[in-house]
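# starting from these lines, generate the structure:
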Amino acid sequence: MARNRQLALIRLEDPDDPLSRAVPLGTETEFREAVAAFNTAPDGSPEQAGSTTFYGPGLVMEIVPMDGRVNQALVTCQNEDFAWPVLYGMCRANRWKLQDMESGRMFG
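Now for the predicted structure:
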């Protein structure tokens, strides 16, 4: 069985410069609306220790809002064939980036 791939969903101040500083993805409400456009949302379960888990096609995403802002999201790809088109669309629509947790490589 293939291992699940973990990625960090981030937003860079200058999306064309991979060395620019990270800025928040948006407010919690903005984040929820942005991912909802890609069939990704919480399942209604109670939050655990301030974190919210979102489920989408082939992926699970976790956020921990700080002061109403989402700084980054942890993405676990459970089925890359389904998850990549969704994640790529999210990144293009919102000027976000994905960073591989093992290699540091950025996508999006």
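# now the strands for this structure?
Taking DSSP state E as the criterion, the chain contains strands spanning 5-12, 22-23, 26-27, 41-42, 52-56, 59-63, 69-70, 73-77, 97-100, 106-107.
# quick one, the fifth one and strand 73-77 angle?
Same thing as strand 52-56. Note on geometry: by axes from the mean of the first three to the mean of the last three CA atoms, to 10 degrees, strand 52-56 and strand 73-77 are set 40 degrees apart in direction.
# how near is Glu47 to Gly26?
18 Å (CB to CB, to the nearest Å). Every residue, glycine included, has its C-beta placed from N, CA and C.
# out of the two, which sits in the more crowded spot?
Each of Glu47 and Gly26 had its neighbours counted (other CB atoms under 10 Å), and the higher figure belongs to Gly26 (18 against 11).
# wait, that one touches Asn71, no?
No - counting by CB atoms under 8 Å, Gly26 does not reach Asn71; the two are 9.9 Å apart.
# out of the strands of the chain, nearest to Cys91?
Using CB to CB as the criterion, the shortest distance between Cys91 and the strands of the chain is 6.2 Å, found for strand 97-100.
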